[in-house]
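[1] Curious how this folds, go ahead:
(one chain, ligands or ions: 2)
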Amino acid sequence: MLRKDEQRQRDLFESERNFRLLVEGVADYALYMLDPTGTITSWNIGGQRIKGYAPEEILGEHFSRFYTEADRANGKPQRALQIAREQGRYEEDGWRVRKDGTFFWASVVIDPIYEDGKLVGFAKITRDMTERREAQLKLEQMQKQLAEAQKLDALGQLTGGVAHDFNNLLMIISGSLHILRRGAGHDAKSQRALTAIETATKRGAALTSQLLTFARRQSVNPQSIDVAERISAVREVLETGVGGNVTLEFDLPSAVLPVTVDTSEFETALVNLVVNARDAMPGGGTITVSARPQAGDGTGGNPYVAISVKDTGSGIAPDVLDKIFDPFFTTKPIGKGTGLGLSQVHGFAHQAGGTVKVRSELGNGTEVTILLPREANAPQADAIDTSERGGSGTVLLVEDNPDVASVSISLLEQLGYSVRRVADAEAALRAIEHDGIDLVFSDIVMPGKMDGLALAHRLRQIRPGLPILLATGYSDAAINVRGDFPILRKPYEIHELSQAIARLPR
Ligand SMILES: Nc1ncnc2c1ncn2[C@@H]1O[C@H](COP(=O)(O)OP(=O)(O)OP(=O)(O)O)[C@@H](O)[C@H]1O
Ligand SMILES: [Mg+2]
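    Ligands and ions are numbered 1, 2, ... in the order given. All right, here's what the predicted structure looks like:
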């Protein structure tokens, strides 16, 4: 009988000792006891490792010292014990403080302990989750960026397709308008109506082109330009745009900063940024347009040219900042903003191989920076010509859309050309067998086995000297052309058509 008791005592002692060793030795968790008021009554290796206190420093202290000052002031430690008592358990993830004052992200569990129905204290388990939390945050950040990129991509494809159809429509409207202008009576009313249509068409073309740039399709006319020189060239336009109470300043280097971009898209992006800056400063302020070279990322990366537009305006709220590049996102009243400005800027920068960065603080202004890859060589000057020249000879027009064809024919005829029209590439190849074609003007996107580009390559083989001009309303179609043939962007005006023909190599 006695021996049995002894044995049991020994077993109990043994198991308690094992248990104590286990608890004290666990290094990954702080495992300790509190008395019913929250005073620390036991401590383990994990507690020492995570929180930095040796047992003699911490036993007898109140556990609230692990909380942040703000949490203590709010009565959070007392509340935790109360919840544990009332609900049988308290769990929380939150910031705690180590002995050295640094914060760590803790996962905390508090269990009340009862003996014979009476609360004798609390078991507290704390785990340091700082690293896991950081990894988690990084992962979430990456997922967010990926989702953002995918969203913009999908929207880009959609808008690209719509813009193609739109440009054909606009081509028909603007071309027909040109014909009407010539035939119309000169009464003021019809002239006003025509002018209204013209303005609306130009606006439609500008919007469509913003959409296309956003769609991040390859640009149609990449050219080597000097950033500072281009900015100076549109200086006047920008100045008239900002209005009286806004000061526009320029900070441009004398050094040449060459980049390869579509000039008109570059200018549009600049205008979009300056207009946004102006809109953010209804009470006046200063806009600074600057350009500067920027070294690569320090790891031997390529150099950039940074073009930034900085304002002293309202700034952008953090929750809005995520959305500003989305097409059609605007915080402006109806009729004031379409929400396409920054979409264009984004698309432009990316298709030029660069990127856009925004720095903004609510109430403290905004700085949008376009980073473009910096070219090694200085750009060559290229004279700009806006005249409308007459021509002669026969043009073979290859265009599947009959309405677009009829306005193109009319524009070509006005320029003095005779026109023969076919609807697809195969018909064009048959027509070319007869003599008398001086120039081929073909749409790129066409139904049938051969598109405009394939036709152009074929013609170059069989008729090496024949001038070829391509047209497209959809810059995706221009990607494969890669400068092999000149391209005219739809919708085009009569002077643009005449210049494009005049520039053809013969
Ligand atoms: N410089 C800026 N300061 C403050 N907010 C800005 C600034 N630039 C852009 N934003 C915010 O981003 C939104 C989107 O800009 P975005 O240029 O794409 O469209 P929008 O200016 O509203 O319209 P749109 O440019 O088509 O006329 C704006 O409505 C505005 O809320
Ligand atoms: Mg805008």
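[2] list the helices and strands the longest helix seen in the chain packs on?
    When the chain is parsed with DSSP state H, its longest helix is helix 130-183. Helices and strands touching helix 130-183, by 3 or more CB pairs under 8 Å, 6 or more residues apart in numbering; DSSP states H and E, are strand 103-115, helix 188-214, helix 402-414. No exception for glycine: its C-beta is placed from N, CA and C like everyone else's.
[3] Quick one: mean pLDDT over it.
    Averaged across helix 130-183, the pLDDT comes to 80.
[4] which bits of the stretch 151-300 of the chain sit near ligand 1?
    Contacts of the stretch 151-300 of the chain with ligand 1, taken as CB under 6 Å from any ligand atom, map to Asn272, Asn276, Ala277, Ala280.
[5] got a list of contacts for the host helix or strand of the first one?
    Here Asn272 sits within helix 263-279, counting by DSSP states H and E. Around helix 263-279, the neighbours that count as contacts under CB atoms under 8 Å, 6 or more residues apart in numbering are 206, 209-210, 213, 219, 221, 223, 225, 230-231, 234, 237-238, 241-243, 246, 248, 287, 289, 307, 309-311, 313, 332, 336-337, 341-342, 344-345, 348-349, 366, 368, 370.
[6] The same query, at a cut-off of 7 Å, please.
    Contacting residues not belonging to helix 263-279 are listed as 213, 219, 223, 225, 230-231, 234, 237-238, 241-243, 246, 287, 289, 309, 311, 313, 332, 341-342, 344-345, 348, 368, 370 [CB atoms under 7 Å, 6 or more residues apart in numbering].
[7] Whichever helix or strand comes after that helix: partners in the sheet, and parallel or antiparallel?
    Heading C-terminal from helix 263-279, the first helix or strand you meet, by DSSP H and E, is strand 285-294. With DSSP bridges as the test, strand 285-294 is paired with strand 246-251 (parallel), strand 304-311 (antiparallel).
[8] Please state the offset of strand 285-294 from the chain centre?
    Distance of strand 285-294 from the chain centroid (CA atoms, centre = their mean, to the nearest Å) equals 20 Å.
[9] again, but for stretch 440-457
    Averaging C-alpha positions (CA atoms, centre = their mean) puts stretch 440-457 33 Å from its chain's average.
[10] Please, which helix or strand holds Ala123?
    strand 118-128.
[11] swap in Ile501?
    Under the criterion of DSSP H and E, Ile501 resides in helix 494-502.
[12] what is the rounded mean pLDDT of that helix?
    88.
[13] cool, and stretch 231-248?
    Looking at stretch 231-248 alone, the average pLDDT works out to 86.
[14] Alongside ligand 2, which residues does this protein contribute?
    Proximity of the chain to ligand 2 (CB under 5 Å from the ion) is limited to residues Asn276, Gly341.
[15] what does the chain put close to ligand 1?
    Residues of the chain lying near ligand 1 by CB under 6 Å from any ligand atom: 272, 276-277, 280, 311, 313-314, 316, 320, 324, 329-332, 337-343, 366.
[16] Any of the residues you listed buried? List them.
    272, 276-277, 280, 311, 313-314, 316, 324, 329-330, 337, 339-343, 366 (16 or more other CB atoms under 10 Å).
[17] Before I go, just wanted to say thanks for your time.
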